[in-house]
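Novice: output the structure for:
(chains A, B, C and D)
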Number of protein chains: 2
Amino acid sequence: MASKRKVSNPLALAVMALLYERPMHPYEMVTVMRERGKHETVRLRYSSLYSVVSAMEREGLISPRETMREGRRPERKIYEITDAGREEFLTWLRELLREPVKEYTQFAAGLSFLPGLPPEEAIALLEERVGHLEAETGEMRARIDYAREEYALPRLFVVESEHELMLREAELDWVRGLIEDMRSGELGSLAEWHSILAGRNEGGGDEPMA
Amino acid sequence: MASKRKVSNPLALAVMALLYERPMHPYEMVTVMRERGKHETVRLRYSSLYSVVSAMEREGLISPRETMREGRRPERKIYEITDAGREEFLTWLRELLREPVKEYTQFAAGLSFLPGLPPEEAIALLEERVGHLEAETGEMRARIDYAREEYALPRLFVVESEHELMLREAELDWVRGLIEDMRSGELGSLAEWHSILAGRNEGGGDEPMA
DNA sequence: ACCTATATAGTCATTCTCGACTAATCGATT
DNA sequence: AATCGATTAGTCGAGAATGACTATATAGGT
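Specialist: Predicted coordinates:
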């Protein structure tokens, strides 16, 4: 059903996953998430973490176990997961795996307004993108191989990175094809495209460079 | 550089694109975006639109041209794009096309915590996902074909839908492979996976169903 | 003995987002 | 002539998310 969660930031899922293992204080969660590379899949900001954690406490998904203080450093508030938290973790996780949800990507937004640039420039920009994507996928692949070899990680623990790599590679392939199709006029003739732009630019203002 | 934009919600990009053509009031923007299917690529909510629009006015990207009132209906405030707005539109669009940015997807978050479920259940969930993805990609393809034929749209105007379809198809393919690899023990043996879970569940709480 | 960079552990004020709500008009239906 | 649902046009308040900032401890170099 994908019904509205009380705490919907995916960071909350990560928090529950960590507390499922053992109680921790928020700062430690950050450390562990970084060690395991989970911050590559779940957007991690200090400020968000603390706000998510307090929302989770409010909703009864986690509860403070003890508060420690060493010297004059700030307090460390150690949380543990509740039964409700364990249940929420499992239902949420199941839902995420079972049901595809629509994602709005930045690139798609850009593509939507592609006719806003002259075709020559659009092609040039997409070629730059291809360059970036080649570098990026190369690095991702290397990092995955390194992690697997160095720490002897079973693939189970890097599936999310393989997923990310797969998406980027698919994009790379597709953008290459798109450039081809733009060149060959497959998308609509370049002349036509130019005339759309001309219509828009009659009013003056700064012209996009061809 | 991807330096921080003054108004960063992609809706702002859509607003500038529309006002590049002609002045409009916000409600009309919604109508036009819906007609052109842009709400499929840019998350569109009334409340966000109005707040984005006023932020854009504050930042000088658009400016109110006139305010009309018919009878006792609410006012319609008609906006036009400014020179700064035109420039911002072009720089932003260029950046979106040129530079890949990291996107955090829900599915990736789910995958990160895959070891949190017993393998048999994980497989079953992913199989359900495959079913959903098959249906979804089928519908997307049909909608694209329909739009192209019915309205004789050049591909240029549906690239963003083709992009979305491509991503879903890549995902579908990949998930099928993942299920295979889980079954064959390619990801790490299922016994091992179970023992990770067992360790975690010692403390009690509700057990995930195998 | 002193300085600095980094790690530790967070708070706060502002901005952003969205669901829920308001309110008028119009056309069709009783 | 009264009512109902769809469309037009937008407001509001509550909660979420983030960038900027604070403050202490400690290891290492000089």
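Novice: could I get the full set of helices for chain A?
Specialist: A:10-21, A:26-35, A:46-58, A:83-98, A:106-112, A:119-150, A:159-183, A:190-201 (DSSP state H).
Novice: tilt between the first one and helix B:190-201?
Specialist: Using axes from the mean of the first three to the mean of the last three C-alpha atoms, to 10 degrees, one finds that helix A:10-21 and helix B:190-201 are set 90 degrees apart in direction.
Novice: so what secondary structure elements neighbour helix A:10-21?
Specialist: For helix A:10-21, the elements it packs on are helix A:26-35, helix A:46-58, strand A:62-68, strand A:76-81, helix A:83-98, helix B:106-112, judged by 3 or more C-beta pairs under 8 Å, 6 or more residues apart in numbering or on different chains; DSSP states H and E. C-betas here are computed from N, CA, C, even on glycine.
Novice: for the helices of chain A, give me TSV that also has distance to DNA strand D, mean neighbour count and mean pLDDT.
Specialist: Putting those into TSV (distance: least, C-beta to the nearest atom of the strand, whole Å; neighbours: other C-beta atoms under 10 Å in any protein chain shown; pLDDT from 0 to 100) gives the following:
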stretch	distance to DNA strand D	mean neighbour count	mean pLDDT
helix A:10-21	7	23	96
helix A:26-35	10	16	93
helix A:46-58	2	16	94
helix A:83-98	14	20	96
helix A:106-112	14	23	96
helix A:119-150	21	15	95
helix A:159-183	18	19	97
helix A:190-201	23	14	81
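Novice: tell me if stretch A:135-150 is near chain B.
Specialist: Yes. Judged by C-beta under 8 Å from any C-beta of the partner chain, stretch A:135-150 comes into contact with chain B through A:Glu136.
Novice: CSV for the helices of chain A, including distance to B:Val7?
Specialist: Shown next, in CSV, are the helices of chain A (distance: least, C-beta to C-beta, whole Å):
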stretch, distance to B:Val7
helix A:10-21, 25
helix A:26-35, 30
helix A:46-58, 21
helix A:83-98, 30
helix A:106-112, 14
helix A:119-150, 22
helix A:159-183, 26
helix A:190-201, 21
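Novice: and those: which comes nearest B:Thr31?
Specialist: helix A:106-112 (16.5 Å; C-beta to C-beta).
Novice: can you tell me what sits against the closest one?
Specialist: A:171, B:10, B:13-14, B:17, B:38, B:41-42, B:93, B:96-97, B:100-101, B:103, B:159-160, B:163-164 (C-beta atoms under 8 Å, 6 or more residues apart in numbering or on different chains).
Novice: one more pass at 7 Å, please.
Specialist: Helix A:106-112 is contacted by residues B:10, B:13, B:38, B:41-42, B:93, B:96-97, B:101, B:103, B:159-160, B:163-164 when judged by C-beta atoms under 7 Å, 6 or more residues apart in numbering or on different chains.
Novice: widest-spaced pair of these?
Specialist: B:Lys38 and B:Val101 (19.6 Å).
Novice: those two: which is more packed in?
Specialist: B:Lys38 (21 against 11; other C-beta atoms under 10 Å in any protein chain shown).
Novice: picking up where we left off before, redo the helices and strands packed on helix A:10-21 as TSV? Include distance to DNA strand C.
Specialist: Formatted as TSV, the helices and strands packed on helix A:10-21 follow (distance: least, C-beta to the nearest atom of the strand, whole Å):
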stretch	distance to DNA strand C
helix A:26-35	4
helix A:46-58	4
strand A:62-68	8
strand A:76-81	4
helix A:83-98	16
helix B:106-112	14
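Novice: A:Met24 pairs with what?
Specialist: A:Tyr79 (DSSP bridges).
Novice: dump the residue contacts of it.
Specialist: So, once contact is read as C-beta under 7 Å, 6+ apart, A:Met24 ends up touching A:Leu18, A:Ile78, A:Tyr79.
Novice: swap in 10 Å and give it another go.
Specialist: Contact partners of A:Met24, counting by C-beta atoms under 10 Å, 6 or more residues apart in numbering or on different chains, are A:Val15, A:Leu18, A:Val30, A:Thr31, A:Val32, A:Arg65, A:Arg76, A:Ile78, A:Tyr79, A:Glu80, A:Ile81.
Novice: just A:Ile78 next, same as before
Specialist: Shown in contact with A:Ile78 (C-beta under 10 Å, 6+ apart): A:Leu19, A:Arg22, A:Pro23, A:Met24, A:His25, A:Pro26, A:Glu28, A:Pro64, A:Arg65, A:Glu66, A:Thr67, A:Met68.
Novice: 8 Å instead, please
Specialist: Residues near A:Ile78 by C-beta under 8 Å, 6+ apart: A:Pro23, A:Met24, A:His25, A:Pro64, A:Arg65, A:Glu66, A:Thr67, A:Met68.
Novice: with A:Ser51 instead?
Specialist: Counted by C-beta under 8 Å, 6+ apart, A:Ser51 has zero contacts.
Novice: of the contacts of A:Ile78, grab the buried ones for PyMOL.
Specialist: With 16 or more other C-beta atoms under 10 Å in any protein chain shown as the burial test, the buried ones among the contacts of A:Ile78 are selected in PyMOL as follows:
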select buried, chain A and resi 23+24+25
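Novice: what's the most distant pair in the contacts of A:Ile78?
Specialist: A:Met24 and A:Thr67 (13.2 Å).
Novice: tabulate the helices and strands packed on helix A:10-21 (CSV), appending distance to B:Glu150.
Specialist: Putting the helices and strands packed on helix A:10-21 into CSV (distance: least, C-beta to C-beta, whole Å) gives the following:
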stretch, distance to B:Glu150
helix A:26-35, 48
helix A:46-58, 44
strand A:62-68, 52
strand A:76-81, 53
helix A:83-98, 33
helix B:106-112, 32
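Novice: quick one, grab the pLDDT at the residue nearest the centre of chain A.
Specialist: Nearest residue to the geometric centre of chain A (C-alpha atoms, centre = their mean): A:Thr41, 5.7 Å. Listed pLDDT for A:Thr41 reads 94.
Novice: got it, and A:Gly205?
Specialist: Reading off the model, A:Gly205 has pLDDT 47.
Novice: and what of A:Leu187?
Specialist: 90.
Novice: could you measure from it over to A:Ala17?
Specialist: Look at A:Leu187 and A:Ala17: by C-beta to C-beta, to the nearest Å, they are 44 Å apart.
Novice: could you do A:Glu171 as well?
Specialist: Taken as C-beta to C-beta, the span from A:Glu171 to A:Ala17 is 28 Å.
Novice: one more: A:Met182?
Specialist: 44 Å.
Novice: between the two ends of stretch A:141-159, how far is it?
Specialist: One end of stretch A:141-159 sits 12 Å from the other (C-alpha to C-alpha, to the nearest Å).
Novice: flag every residue of chain A that's near DNA strand C.
Specialist: Contact residues, chain A versus DNA strand C (C-beta under 7 Å from any atom of the strand): A:4, A:25-28, A:31, A:46-47, A:50-51, A:70, A:73-77.
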